[in-house]
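okay, here's the prediction I keep looking at, along with the sequence it came from:
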Amino acid sequence: MSVLMEFAIFPTDKGESVSPYVARVLEVVQKSGHLHQLTAMGTIVETERFEEATRLLDAAYRALAPDCRRVYLVAKFDVREGPTGRLEAKVRAVEEKVRSA
């Protein structure tokens with residue numbers, strides 16, 4: 001199974017710039033060992049099971065909870081039977097089509 005999850009999480013009570021908190025969450029993602037991609041609007045992660053993705057969301061929240069009184073979190077999922085590797089393959093497929101156009 002391949003689970004692609006795109007999520008954004010940040011405190012809403014820490015002012016305009018929240019990059020230190022996003023960096024804290026990215027450390028959690030990196031330590032998880034899951035393939036991931038940071039974007040300007042969130043982070044995309046690929047896991048083998050849905051439960052792994054939701055555990056990662058919980059860990060991301062726990063990284064912020066001690067000193068953040070209000071946290072915004074949004075996530076979307078693409079769950080598909082079959083092998084992992086879609087995080088890179090989906091992007092590569094589109095880029096190949098753009099080059100051949």
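Received, thanks.

do a quick rundown of the strands in this structure.
Taking DSSP state E as the test, the strands found in the chain are 2-11, 35-39, 42-47, 71-80.

give me the angle between the third one and strand 35-39.
The reference is to strand 42-47. 170 degrees (axes from the mean of the first three to the mean of the last three Cα atoms, to 10 degrees).

follow-up on the earlier one: now render the strands of the chain as TSV, adding mean neighbour count, mean pLDDT and distance to residue 59.
Any C-beta I mention is one placed from the backbone N, CA and C, and that applies to glycine too. As requested, the strands of the chain are exported to TSV (neighbours: other Cβ atoms under 10 Å; pLDDT from 0 to 100; distance: least, Cβ to Cβ, whole Å):
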stretch	mean neighbour count	mean pLDDT	distance to residue 59
strand 2-11	19	98	10
strand 35-39	14	97	13
strand 42-47	21	98	11
strand 71-80	13	98	12
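
those: which one's closest to residue 60?
In terms of Cβ to Cβ, the element of the strands of the chain nearest to residue 60 is strand 2-11, at 5.1 Å.

elements contacting the closest one?
In this structure, strand 2-11 makes packing contacts with helix 19-32, strand 42-47, helix 50-64, strand 71-80, helix 86-100, judged by 3 or more Cβ pairs under 8 Å, 6 or more residues apart in numbering; DSSP states H and E.

want to throw the strands of the chain into JSON lines with distance to residue 61?
Below are those laid out as JSON lines (distance: least, Cβ to Cβ, whole Å):
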{"stretch": "strand 2-11", "distance to residue 61": "7"}
{"stretch": "strand 35-39", "distance to residue 61": "17"}
{"stretch": "strand 42-47", "distance to residue 61": "14"}
{"stretch": "strand 71-80", "distance to residue 61": "6"}
